[in-house]
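Peer 1: Quick one, what's the 3D model for this:
(2 chains)
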Amino acid sequence: MNDMTNVQSVLRRLVTIWADFEGRLNKVDIISRINRGKITLEDYKAILLNHRQQVVEGSRWISRAASSIEAPYLDQRSSILRHAATEHLDYKMLEADFVNCGGKASEITKGTKNIGSEALHAWMMHKASQQNPFDLLGAMFIIEGLGKNFAGNWVKKLENCLSLSPEQTSFYRYHAEHDEDHMEELEDVLASGILAIDGMEDQIVKTAKVTGRLYLLQLEELGNV
Amino acid sequence: MRDVYITSAGGFLPGSPITNSQMEEYLGYIKGKPSRFGKMILRQNGIQTRHYALDTDGKPQYSSAEMAANAIHTALERSTVSKDRIEFLSTATTQGDTLVPGFASLVHHNSDLPPMEIASFQSVCASGMMALKNAYLNLKAGEKETALSVASEFSSRWFRPGFYEDYLDHSGDTEVNNDAEFLRWTLSDGAGALFLETDIDSGQDLALKIDWIDLCSYADRYEPCMYAGTATNDMPSALPWASHPSPSNAAAAGAIMLKQDFDLLYRLFPTWVGHYLSLVEKGQIKPEKVTHFLPHYSANSLRQRMVKLLEKTGSMIPESKWFNNLTRIGNTGSASIYLMLEELMRTENLTEGDQILCFVPESGQCIVSFMQLTVVRGK
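Peer 2: Numbers count the residues shown, from 1 in each chain, chains lettered A, B, ... in the order given. Predicted coordinates for the structure are as follows:
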């Protein structure tokens, strides 16, 4: 049984988890303040500083996940490797935004992960080290959903509220514009035969849930290093 | 537990249909000037005609309770049951006629019904579903055998110039913003009533069995999105209108205008869709089994956003099965789903076993509700 019914069921469960995640995200202090337009430049810089420490590790877990993929899933491995390549310099945008907001380059490049980012990073690396870790598609659904569903709104609010220019919001702007079509890619990978792996559907869903929770932790713990 | 059926429905739409170009003749011109936003908002919501309980001088022709009573009257005219046998009246509205007493009392007073238990529900669009669920459960539990559930809205009176001009005079602004204009060009007036019974005899030509009603609030995670009675939806700084020194102070501060936070409205979508998909995943909703889908939505453009996601998740109900009268009778808030059901029962050729799915999202502070009905035809 690996027809479109299974793919649709996984997508339904992922969208449901996303909805719950998004609702909880709106309650996190920093996000609630962005939504309400009650944010300062220092808050924004703190977000950039904290976020960079996770993003810089992003291509590590994606490429490790790729290296954990064995035959017969070699086509999927190639596409995940390509994905790692498209994102491996993303963190430089965060650094540039930080500097353009008046921050020191050395502060952001030498920053360390907050305790939420530590948990998120450890979880992603742990998952990526398992054999054929396609459950990380659930994690990607959450993380890229943030780009698609949230980044655009954040940029608008931040620019209105703090009078920021595009060179101060390049990272969020880029992801708002480029994370749009991943739903189709995800659908393709889900339909490519990976759901034949025993228990994979439930694992994808669970990994999405845990990743969402740890992402919130990262935002709740801004500055707590 | 007993089975509960909707055995008749009545609707009331005041006056003649009002076209888009006539709207401001009825609502009035704020500061004497035509609105800059109206045309754009009408393009988004797709509404062509609606009804107002106002005349062109802005004078009310009915109260909301009178409209509700008229809808009840029609529902009972279509029923074989004498009004003396009605045991329960459940009412819904966004804003009743008075602050005190409750809306159900006013409707009861106007409806020529005998003494009975009543209940008032006040929310926004979902209040209609709350009222209906209470009536449904009273019958299901065997507490009552007959009930009326009625929803009525008189939104247009809120959109007359006097409801904005105190604020403009005080703030120095020359016009109201899009958040305040949106609902002015979207909501209109009307009432609907549903009559519920537990026992249906074989002489009943058409009844809708209520399979279930599901309603969930997500106000734990959102600020108010459609609101009046506070100048802002930033809750830490929001002052309820009655906490201002006087009602006129509240009006001058902008706490009386009915507003919609547009940014937030778009953020509610994933929550509504997520709730729907969880019901599909649980097997409670089976999209392929739905014969008639009655979605209440405030704007035609909003529906486009959902279609792709629903298709990808195998949860789309084909548009050929959608039934909606928004473009003709407007958005009547809590009464909308009642007026859709009333029209469906009156005009569609319903067949035994047809499944009807009603969808009522409320942007007020994020509520979502669904109801499933099954068509029963007399022998």
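
Peer 1: CA only for contacts and neighbour counts going forward, please
Peer 2: OK.

Peer 1: which residue is nearest the middle of the chain?
Peer 2: Picked chain A for this. What sits nearest the mean C-alpha location of chain A, by CA atoms, centre = their mean, is residue A:143, with 2.4 Å.

Peer 1: meant chain B actually
Peer 2: Taking CA atoms, centre = their mean, the centroid of chain B lies closest to residue B:334, which sits 1.7 Å from it.

Peer 1: for the helix or strand of chain A with the lowest mean pLDDT, packing partners?
Peer 2: Taking mean pLDDT, DSSP states H and E as the measure, helix A:182-190 is the helix or strand of chain A with the lowest mean score, a mean of 83. On a contact count with 3 or more CA pairs under 8 Å, 6 or more residues apart in numbering or on different chains; DSSP states H and E, helix A:182-190 meets helix A:4-27.

Peer 1: So what touches the very next helix or strand once past the helix it packs on?
Peer 2: Counting by DSSP states H and E, the element after helix A:4-27 in chain order, helix or strand, is helix A:29-35. Contacts with helix A:29-35, where a contact means CA atoms under 8 Å, 6 or more residues apart in numbering or on different chains, come from A:25-26, A:39, A:43, A:154, A:157-158, A:219-220.

Peer 1: Which pair in those residues has the greatest spatial separation?
Peer 2: Between any two of those, the greatest separation by CA to CA is 19.6 Å, found for A:157 and A:220.

Peer 1: Is stretch A:206-217 positioned near chain B?
Peer 2: No: counting by CA under 8 Å from any CA of the partner chain, chain B has no neighbours in stretch A:206-217; the shortest distance is 13.8 Å.

Peer 1: For that stretch, which outside residues touch it?
Peer 2: A:14, A:17, A:21, A:24-25, A:28, A:116-117, A:119-120, A:123-124, A:135-143.

Peer 1: In a helix, the residue nearest to the centre of chain B, correct?
Peer 2: Yes: per DSSP: H, G, I helix; E, B strand; the rest coil, residue B:334 lies within a helix segment.

Peer 1: ok, it touching residue B:124?
Peer 2: Yes: look at residue B:334 against residue B:124 with CA atoms under 8 Å: they come within range, at 6.1 Å.

Peer 1: anything in contact with each of these two?
Peer 2: Common neighbours of residue B:334 and residue B:124 (CA under 8 Å, 6+ apart) are B:93-94.

Peer 1: Any buried residues in stretch B:191-209, and which?
Peer 2: Residues B:191-198, B:200, B:206-209 are the ones in stretch B:191-209 that count as buried (16 or more other CA atoms under 10 Å in any protein chain shown).

Peer 1: can you check stretch B:49-68 too?
Peer 2: Going by neighbour count (16+ other CA under 10 Å), the buried part of stretch B:49-68 is B:49-54, B:58, B:63-68.

Peer 1: Need the CA coordinates for that stretch. CSV is fine.
Peer 2: Written as CSV, here are the backbone C-alpha positions of stretch B:49-68 (Å, rounded to 0.1, in the frame of the first residue of the first chain):
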residue,chain,number,x,y,z
THR,B,49,-26.9,42.2,-3.7
ARG,B,50,-27.9,42.2,0.0
HIS,B,51,-30.7,43.4,2.2
TYR,B,52,-30.8,46.2,4.8
ALA,B,53,-33.3,46.7,7.6
LEU,B,54,-32.7,50.5,7.1
ASP,B,55,-34.4,52.9,4.7
THR,B,56,-32.5,55.4,2.7
ASP,B,57,-32.7,57.8,5.6
GLY,B,58,-30.9,55.3,7.8
LYS,B,59,-34.1,54.7,9.7
PRO,B,60,-34.6,51.1,11.1
GLN,B,61,-37.6,49.3,9.6
TYR,B,62,-37.4,46.4,12.0
SER,B,63,-35.5,45.4,15.1
SER,B,64,-33.3,42.4,15.0
ALA,B,65,-35.7,40.5,17.3
GLU,B,66,-38.6,41.3,14.9
MET,B,67,-36.6,39.9,12.0
ALA,B,68,-35.9,36.8,14.1
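
Peer 1: Now tell me what touches that stretch from outside.
Peer 2: Outside stretch B:49-68, the residues that reach it (CA under 8 Å, 6+ apart) are B:12-20, B:25-28, B:96-97, B:103, B:106-107, B:110-111, B:150-154, B:156-157, B:160, B:188-193, B:327-331.

Peer 1: picking that back up, from the contacts of helix A:29-35, which would you call buried?
Peer 2: Neighbour-count burial (16+ other CA under 10 Å) applied to the contacts of helix A:29-35 gives A:25-26, A:39, A:154, A:157-158, A:219-220.
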